[in-house]
Structure formats: C-alpha cells, structure tokens
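Q: What follows is a protein structure lacking sequence information:
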C-alpha cells in the first residue's frame, strides 16, 4: 500500500500535555475517577487556564466501555463539542491519538484532548473473557492466538522460553521504576520459567497484567505549542494498518506479525526514518505476551529477523541498552487497560523526550516510538514522537 | 462461678469425604443427609449427658437449610425432643449467621430473658460442578449450649457491616455464585477481616498475636495463610482451618473451630475468632477453667471417622447428573447454519482465477482480490501439515492442555484443535488428517467441528491425549 501523504502530518502537531492515572486493580475508582485523574494531570501539564474553553474536541478510546463517549464527556463536563469513541482492538489508543492528530493537521481544530481508558475489573473476570460466536471459533484465548508464532519461530531460529523469560525480567525491573505501574516486583529468569503454564510457551510471567487505567494527551498545532509549554514534543508520524487474520491467511509464515510490518512501513516513510535502530532513541511496544515483544523487535526493524535472542541476551533493549524498549515496564507490569495503553505509551515517550522520566530516564533521547498490536492479531498502530 | 457463656459444645462432620486434588479431601453430606440432619446430629453431640429439659431456646443458623419458609429451629427442637415451650429463632443469609446466633444467645442469657440456649450452625452449600468454589466447600455443623457455668466467656466483640456482592445465592440459584476471585479475596474477605481485627484491638488493646489461639475464617486455604500473615498471627497460634480435611463449612466454619479450640484450651487462655460474610465479626473468648458437662465427641472424633464418598452417588444425591440449563454462551444458531459447509463438511474454496485454496469461504480472494469466483473443495478426506501449534492450559476443557494450532492444506490455513496427539509428538510440518469431533458444549449442547490428528500408522494407540491430562506438570515440550 502506498499513496498516503505523510508530509501532511509530519511535525505539524505538538503534544503539549500528558497525564496518566494510577494503573492497577482500581476497585475503589470508577472509570470517571480515572478519566478525571488523567485529564486533569494533562491540563496541568499543559498549563491550561481554562480547558473547558480551550479543548475543541475529544477523541476517546475504550474497548469495553460501559457507555463510551458520555463517560468521558460527563466526567470532564466537556459538553457542547464533539466527543467520539475510536475502537481498533488493542490499537485503539494509538488510533484515537491518530484521529486527534489528523483533525488538527486538517485544520479543523486547534487543540484537542485524547483520552484512553478501560475498566476490566468492573467486569468480574480475572483475565480476558473467553467469548464465543461461531461454533468453530474455539479456542479463543489471546494467549492461544499470540503463542502461534512460537513453535515455528523457535524451530527455525533456535530461540526458546529462556529468551522470553529475559524479556519478562527486564519489564518487571523497569516497572519498579515507574510510580504509576501496577506491578512493582523484580523477578528472576528461574521464576518466570517455573510459573504455571497458560498457553505454551507462555507461563504466567509471559502474560501482561490486565489492569484498570486511563491516560490523556493534549494536542495542539505546532505554532501554538509555546502558549502551553516550553517543552512541546512533535508528532513525527502516526500509522494504522490491518493485515489478514493469521489463522486464515494462506501467505503467513508464523515468524512475525504482518500488521507491525505494514504499519512500520507507513510510519517510517512518514517520519523519514531509514535506519530504525540508529535513529530511534527508545520504544514502547505492545508486550501483551513476551513473544510479541520479541517479534516486534524484528518486525519494527530494530534487528534482523531471527536475531532477537542475541540482542535480548546482550541487553540491546534494556533500560541502559542501545535502544531501550518498554522503559516503564510495558503492558507486562505497567498494566494493560486496553483502550488506555496506546495513550499511556505517548505519556511515557513524552516524559522521556522531555527528560522527565526520573529513575528510568533514557540518556538524551531524540525520537521515541510507540506500538500497539491487537486482535488475532490483525491490527497495528504506531506513533513516532520527536523533539523539535 | 456463674459466669455466662459457652457451657457445652458439640460438632458434626459427615463421614463421607470426597477427594480434592492429590492429597486433600472435603466432607460432604451423605446421600441421606442435609444441613438439617447435620444440625440435629451436632445438637445430639452437644447435649450428650445433659438434661434436655434445661434447654429453653434453640437458635439455628444456616444459609443452605432446605426450606425458604418454615422454621428449621422448630424441627430441630422436635427432633431433639426439647420442651414444647422452647423458644426458637432461625438465623440465615450471611455466612456470619453462626457467630451472630452465638452472640445473640450470649446477650439473651446475660439479659436474663433466657437461661439456656442451644445454638446450632450447619451448612451444606453447593458450588457449581467443576467450579473452583465447589472444591473449597465442605459440609459440617457445630452446636453450643449458652448458659451460666461457662467454660468460655465472651470478653469483647467488634463488628462491621459491608455491602458487597462477592459471594451470594439468589432465590433462583442452586449454586453459590461468586464475582472474580481477586475481588472476593482482596476487597471482601481480607479488607474486612483486617479492619475488624484492628477494631477489636482498639477496643480491647489486644492484637491478634496477644491471643493464645486465633480462629480465622477464609474462603480457601491460600487466602487463610495470606490473611494470617497480614494479621501477624504466629502459625503455632492458628487454629487449624480444616482445609483439605473438611473444607469451608459456611456458617459452621468459625463455630466448628471454636468447638475444636475449646477441646484443648487451658484455663485463662484467650481465643480470637474472626468471622466474615457481608462484613466481619471479631470475638474475644476467655476460657474459665470450668469443665464441660456434656460428653460430646467434638471435632477430633469426627475427623477420624470417615469413609470415601462414591462420586456417582454424590452426583445422584445432589441432582448433578442433569446438566443445569446454560445460556447460549454466545453461540449463534443462525451463524452456525450459515457456516454449515465449513463447520460440518469442512469445505474450503479455491479461487478460479489464481487457484489459491482458502478457508473459510470469502467473497474476495486473499491473493488476487477476485470477487465471487470460487469453487468448493472438501478438505475432510485430505491430509495437511502442522504449521504452528500451542498447548493451551487456559482454554476450558475436560482434558488439559488443549492442543491447538494452524494446519496447512495446500495453502489453506485452518485453526483447529488436535485430537489423539501426544504433546511430545508435536512439531512443525507434522502430517495430519481430520476427524469429526464434539469440540465443546457451549450453550449446553454438543458443538461439532473437525479436529486435526497426527497421521497414525495401523496399530498405533489413539486416545493418547490422556497422558497430557494426567501429567502433574506440563509435559515435555519441544523447545529450542
């Protein structure tokens, strides 16, 4: 696919405020509480004097909202303006962000709010629900779907469960450094390997923590950014791509995920990136399962197909490595409220680019990428932020 | 001498036990028993050697007594041949009903309204078959006489009430229902237990560790240990909660442990009992040194007298042989009818333009994007190869793990479960054929579809999947 005019978007829109609620099992908080927590932090971060006058439109993302747009509008009392809900599986957060960016680049609005949230703990299930539709749809477990690349990848490239465990260990470590993360617990490779099996090769520690949470971002036109902040961050690129259902696709090799490859191609063209490993300073990727993070290193071109295990062992993607990945602990430990996750990644990347990530700060970052993949998976969203 | 409190105790644990896990068991009422018969048995045990005419009230607590309207206490009084002028009261609904009845009896005797009250708690609760709560529940009853001449007195009480839908059974439910486990344990049980214990500490200036024995309600063994740690109770002071022996006996849980503790407590020793259910109750008890007059068998005797329960008898007795009606579970009969070529005939389609074989039926070709130019191709009598696979322990099925994976048949890809395969046999490119199976029973009916199965040479044993379900740890997986 080609033909999208990336230059219409590139560096036209600035992130001027970010906020994030505490992620976790927020039994005592409503979706509205978390939305307020995230949005008001973003308002303050942008130095907004009167958000009710300054925000012209709201783009929300939530995968299982109880009401949707009205939850956000009513929580924030943002009436008499457009409020829309964007759903695109686990890429919903990045896609809502994309709609916000496009609406400003198109000249429709000057300043908009993006809010991602989800509240799985109000649904009464510990993990993802196992829904069914058609008779042959079984088994429908996300761990079952995302594990399907393991057997063939392991056989071909000689990686194994220990490589996955090292990713879990890294993300558990990074999560201890993020105040708003759900899990703050270091683990060892041995603990990860001996945990109970969920869906081979995924043990418990290979699976992300489903949590409640909300995150918010304020976007404005680049030339207006200084009204809000002395440290604006520019949107270099934002992309969404779909691919065939990997369970049906006659052309699929089970060595990586096509949606990521497609979205990366768009995003890199838009951002003018030709050597991702050298040009990108840090990344937040969708580690719903450890193998997803491993495949994403390769699908995003951070390393050659089949070489991820060497980089995992040498620490390329560790917090002090060449290209730190999931600096806040990722979905694994920061938590995964599905609709919030993409927006939470923008929050983390913005803090990093401003040099405000405290104990987990990456050295002198210039460009930060965020990545969501979801469904069977069929969809990927990528956003690239950079300093002006 | 005339201290008022518990002057006698008794217990009943049915002899029949069902195995739980590898080493544990739980007490289950026999085919001819229920919460009421167990209550009578506990009453008999408590009154052994006592003058039954001295009892002037029966307080009965249960959430699972067979009638919704009709007194259990009156029936028990008759079965125990108590005075016709006996007062009766039934306590129910909350898992704390047992300790609530006990405290109400203490108050009534202290107030001088009644002199001697028989308090009985009995439960025979049912969890849905194969649910995790089913394996945690156990059936038992406990009984006390509350009067003067106490062997233990109530020194202090603290209660809190909580509105929470963590564990419940509505009028139409046969089985105990629960919200998610983390919520049940963290937000309901543990939060309230910790709060009520600290409330009692404020009142009595006694922390849990200051007591000689601590009785702690918990939904299961794991949360019992976690809560004991949170309350900083030394393990040697914890009364055995009887998980793995009896199970969670509901309203009788804490009363049963009080009965067990009273059998071995020494003069002036103190017991802390913490009960939970829509709030929590903390009770401080002190042993007076008086000896109990009843010749009850108590808990220890009942723990030793047991026999295994036949699983078939249990199912028949509890009416579990007929599957309870289940919702459609998301299965759409409309969709299934539309998909019958794929679901039942295992048919794929071949693009007439580019010859790509694909599954399931599409309108637009995956490869050449041609529209509606396909011929139908039967796959069920062909062979394919394993493209990828996983062992899914999360997927609900009678045999775990579920082996599932992608099968390639001349380019068409099918996501299928695998039948009659040994886990260590799995590898990419393994040749497979197809077999028509019941793949699940969602919606309370058989749902049929095809599974893949390794191409077996004649004489090879099928049904080998059994090995996987019986393995204690995940079987050897082909790694690296």
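A: Looks like it came in fine. Fair warning: this is a prediction, and the values are worked out from it, not measured in the lab. Residues are numbered from 1 along each chain as shown, chains lettered A, B, ... in the order given.
Q: so where's the stretch 101-250 of chain A shaky on pLDDT?
A: A:125-133, A:138-140 (pLDDT under 70).
Q: Run through the strands of it in chain order.
A: A:111-118, A:197-199, A:202-203, A:213-221, A:233-242 (DSSP state E, counting those that start in this stretch).
Q: so where is chain B shaky, pLDDT-wise?
A: Using pLDDT under 70, the flagged stretches of chain B are B:1, B:322-331, B:457-480.
Q: can you name the farthest residue from the center of it?
A: residue B:353 (58.3 Å; C-alpha atoms, centre = their mean).
Q: so who does residue A:261 touch?
A: The contact partners of residue A:261, by C-beta atoms under 8 Å, 6 or more residues apart in numbering or on different chains, come to residue A:299. No exception for glycine: its C-beta is placed from N, CA and C like everyone else's.
Q: Am I right that it falls within a helix?
A: Yes: membership of residue A:261 in a helix is supported by DSSP: H, G, I helix; E, B strand; the rest coil.
Q: between the strands of the stretch 101-250 of chain A, which gets nearest to chain B?
A: strand A:197-199 (4.3 Å; C-beta to the nearest C-beta).
Q: tell me the SS of the spatially closest residue to residue B:315 that is not a sequence neighbour?
A: Distance criterion C-beta to C-beta, 6 or more residues apart in numbering or on different chains; nearest residue to residue B:315, sequence neighbours excluded, is residue B:321 at 5.2 Å. Assigned by three-state DSSP, the conformation of residue B:321 is coil.
Q: Residue B:43 in helix, strand or coil?
A: Per three-state DSSP, residue B:43 ends up helix.
Q: can I assume it is in contact with residue B:142?
A: No: using C-beta atoms under 8 Å, residue B:43 makes no contact with residue B:142, being 10.1 Å away.
Q: out of those two, which sits in the busier spot?
A: residue B:142 (34 against 28; other C-beta atoms under 10 Å in any protein chain shown).
Q: Remind me which helix or strand the nearest residue to that one once chain neighbours are set aside belongs to.
A: If the residues on either side of it in the chain are set aside, residue B:142 comes closest to residue B:255, at 3.7 Å by C-beta to C-beta, 6+ apart. Element membership for residue B:255 (DSSP states H and E) is helix B:253-262.
Q: what's the neighbour count on residue B:377?
A: Residue B:377 has 17 nearby residues by other C-beta under 10 Å.
Q: for the stretch 151-300 of chain B, what spans make up the helices?
A: B:181-182, B:191-204, B:221-230, B:253-262, B:298-304 (DSSP state H, counting those that start in this stretch).
Q: let me redo that: chain A
A: A:31-45, A:51-54, A:69-76, A:92-105, A:142-146, A:150-157, A:161-176, A:189-194, A:258-271, A:276-279, A:290-299, A:308-314, A:330-333, A:338-353 (DSSP state H).
Q: Single out the most deeply packed of the ones you listed.
A: helix A:330-333 (a mean of 31; mean count of other C-beta atoms under 10 Å in any protein chain shown).
Q: helices or strands next to it in the packing?
A: Contact here means 3 or more C-beta pairs under 8 Å, 6 or more residues apart in numbering or on different chains; DSSP states H and E; on that basis helix A:330-333 packs against helix A:161-176.
Q: how much distance is there from the helix it packs on to the middle of the chain?
A: 17 Å (C-alpha atoms, centre = their mean, to the nearest Å).
Q: Also stretch B:200-211?
A: 31 Å.
Q: re the thing from before, tally up the residues packed near the residue nearest to residue B:142, please.
A: 32.
Q: ok, the residue nearest the centre of chain B - contacts?
A: In chain B, the residue lying closest to the centroid (C-alpha atoms, centre = their mean) is residue B:133, at 2.0 Å. Residues in contact with residue B:133, defined by C-beta under 8 Å, 6+ apart, are B:127, B:167, B:176, B:178, B:219.
Q: surely the second one meets residue B:219?
A: If I follow you right, that is residue B:167. Yes: assessed by C-beta under 8 Å, residue B:167 is found in contact with residue B:219 at 7.4 Å.
Q: more neighbours, those two?
A: Using other C-beta under 10 Å, the more surrounded residue of residue B:167 and residue B:219 is residue B:219, with 26 against 21.
Q: what's in contact with the helix holding residue B:255?
A: B:6, B:9-11, B:13, B:95, B:98-99, B:102, B:119, B:121, B:123, B:140-144, B:151-152, B:213, B:215, B:217, B:239-242, B:246, B:249, B:271, B:273-275, B:285, B:287, B:292, B:298-300.
Q: just stretch B:221-234 next, same as before
A: In contact with stretch B:221-234 (C-beta under 8 Å, 6+ apart) are residues B:185, B:189-190, B:193-194, B:197, B:207-209, B:214, B:216, B:218, B:235, B:238, B:241, B:243-244, B:274.
Q: Which residue is the nearest non-sequential neighbour of residue 161?
A: Picking chain A for this. Nearest one to residue A:161, counting by C-beta to C-beta, 6+ apart, is residue A:201 at 4.9 Å.
Q: wait, I meant chain B there
A: Nearest one to residue B:161, counting by C-beta to C-beta, 6+ apart, is residue B:279 at 4.0 Å.
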